[in-house]
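[1] Let's see this in three dimensions:
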Amino acid sequence: MNGLAGMEKFSHLEDKIYLTIENVRKLREDKERIEHEMKSLRHEVSNLLSEKTRLEEKVEDLLSERDAIQLKVEAMLDAMTIIEPDVAEAVHR
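    Residues are numbered from 1 along each chain as shown. Presented below is the predicted three-dimensional model:
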């Protein structure tokens, strides 16, 4: 009977070892999947940061262009008011 109890304990230990091996395998797969996902996300973040920088520069260029156009329009309106006084009244409303 003592030998049977020893075999049961050994079988139970064997089951635990196989479960542990399976858990380790799953954890490694999860780790690899997560590392791959992190790499993809880092690449995406890098691309998004580059795009953000590019768009910020574009906005700055457009704002500068808008300011230059505004100055030109104001200069043209000022020139028109010299030529035609009625335009001055319309512009200053």
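[2] count of residues packed around T81?
    16 (other Cβ atoms under 10 Å). To be clear about C-beta, it is placed using only N, CA and C from the backbone, and glycine gets the same treatment.
[3] how close does it sit to D67?
    Distance, T81 to D67, using Cβ to Cβ, to the nearest Å: 21 Å.
[4] Tell me which residue lies nearest the centroid of the protein.
    V45 (4.3 Å; Cα atoms, centre = their mean).
[5] mind listing what that residue touches?
    Neighbouring residues of V45 by Cβ atoms under 8 Å, 6 or more residues apart in numbering: there are none.
[6] Mind telling me what element it is part of?
    Assigned by DSSP states H and E, V45 falls within helix 2-83.
[7] mind checking how far that helix is from the chain centre?
    5 Å (Cα atoms, centre = their mean, to the nearest Å).
[8] picking up where we left off before, could you measure from the residue nearest to the centre of the chain over to K39?
    Look at V45 and K39: by Cβ to Cβ, they are 11 Å apart.
[9] next one: M80
    According to Cβ to Cβ, M80 and K39 sit 61 Å apart.
[10] So which of these two has more stuff around it?
    M80 (15 against 10).
[11] Confidence-wise, which helix or strand of this protein is lowest on average?
    helix 85-91 (a mean of 69; mean pLDDT, DSSP states H and E).
[12] Quick check: phi and psi on E84?
    Dihedral angles of E84 (phi, psi; degrees, to the nearest 10) stand at phi -130, psi 110.
[13] Give me the neighbour count for it.
    Applying other Cβ under 10 Å, we find 11 residues neighbouring E84.
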